[in-house]
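Asks: What would the 3D arrangement of this be:
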Amino acid sequence: METHPTDASPATDAATGATTNAVTARAAGVRPIRVVLTKVGLDGHDRGVKVIAQALRDAGMEVIYAGLRRTPEEIARIVLEEDADVLGLSILSGAVVPLTRRVHAALKEHQIDDVVLVVGGIVSAPARAELAEIGVTGVFTPGTSLHDIVTFIRNNVPEERSYQEAK
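Replies: Here you go, the predicted structure:
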């Protein structure tokens with residue numbers, strides 16, 4: 001994915017904007033896009049994923065930040081329990097391909113085949129090709145704008161997943 005300077009968050013009120021957006025969407029009978037964001041493996045650098053989480057909330061998505069050092073099995077269970085539309089993995093270590101492969105395998109073990117899988121972090125061109133083969137839909141490297149990430153997610157979540165009747 002092409003990189004761009006990071007944009008500022010589009011929110012007008014970071015403290016209440018996201019909650020209001022999700023509540024307003026539910027009241028209108030639509031289901032906001034649900035995104036699980038997490039760090040897999042031993043990588044403890046979480047500033048970037050937290051910035052992305054806030055931008056997605058500000059864009060009206062429901063974000064479940066699952067935290068640091070999650071195992072592939074834990075991640076798959078969280079995605080299943082939260083009925084997530086998108087799983088975003090933040091991986092800054094050099095192990096992006098093997099870690100993503102393990103998470104993808106755990107998703108398959110839980111018969112989760114309808115989640116949009118995206119990866120953010122330090123990802124080389126050869127690794128991007130391998131990630132695509134695994135089933136990763138989008139790769140976001142440092143410098144990708146928040147606007148581009150939000151747009152990508154909106155464009156890649158099937159409408160029947162993101163805008164079904166609220167229950």
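
Asks: From V96, how far off is T141?
Replies: 11 Å (CB to CB, to the nearest Å). Where C-beta positions appear, they are placed from N, C-alpha and C, glycine not excepted.

Asks: what's the following helix or strand after the helix or strand bottoming out on mean pLDDT in the chain?
Replies: Here the helix or strand of the chain ranked lowest by mean pLDDT, DSSP states H and E is helix 17-27, holding a mean of 53. Later in the chain than helix 17-27, the nearest helix or strand by DSSP states H and E is strand 34-39.

Asks: Can I get the helix or strand following that following strand as CSV, trimmed to CA atoms?
Replies: Downstream of strand 34-39, the first helix or strand assigned by DSSP H and E is helix 47-58. Taking Å, rounded to 0.1, in the frame of the first residue of the first chain, the C-alpha atoms of helix 47-58 are listed here in CSV:
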residue,chain,number,x,y,z
ARG,A,47,1.4,3.8,20.2
GLY,A,48,0.6,3.4,16.5
VAL,A,49,-2.2,0.9,17.0
LYS,A,50,-3.8,3.2,19.6
VAL,A,51,-3.7,6.2,17.2
ILE,A,52,-5.4,4.0,14.6
ALA,A,53,-7.9,2.8,17.1
GLN,A,54,-8.9,6.3,17.9
ALA,A,55,-9.2,7.3,14.2
LEU,A,56,-11.5,4.3,13.5
ARG,A,57,-13.6,5.2,16.5
ASP,A,58,-13.8,8.8,15.3
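
Asks: Give the other helices and strands that the next helix or strand after helix 47-58 contacts.
Replies: Next helix or strand after helix 47-58 toward the C-terminus (DSSP H and E): strand 62-65. On a contact count with 3 or more CB pairs under 8 Å, 6 or more residues apart in numbering; DSSP states H and E, strand 62-65 meets strand 34-39, helix 47-58.

Asks: How is G143 assigned, secondary-structure-wise?
Replies: coil (DSSP: H, G, I helix; E, B strand; the rest coil).

Asks: Any figure for the gap between it and G48?
Replies: Relative to G48, and taking CB to CB, G143 is found at 11 Å.

Asks: got the helices and strands packed on strand 62-65 as JSON lines, with mean neighbour count columns?
Replies: Formatted as JSON lines, these follow (neighbours: other CB atoms under 10 Å):
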{"stretch": "strand 34-39", "mean neighbour count": "24"}
{"stretch": "helix 47-58", "mean neighbour count": "19"}
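
Asks: closest to G88 out of the ones you listed?
Replies: Closest of the helices and strands packed on strand 62-65 to G88 is strand 34-39, at 4.5 Å (criterion: CB to CB).

Asks: pLDDT weak spots in the chain?
Replies: Counting by pLDDT under 70, the chain contains low-confidence residues at 1-29, 161-167.
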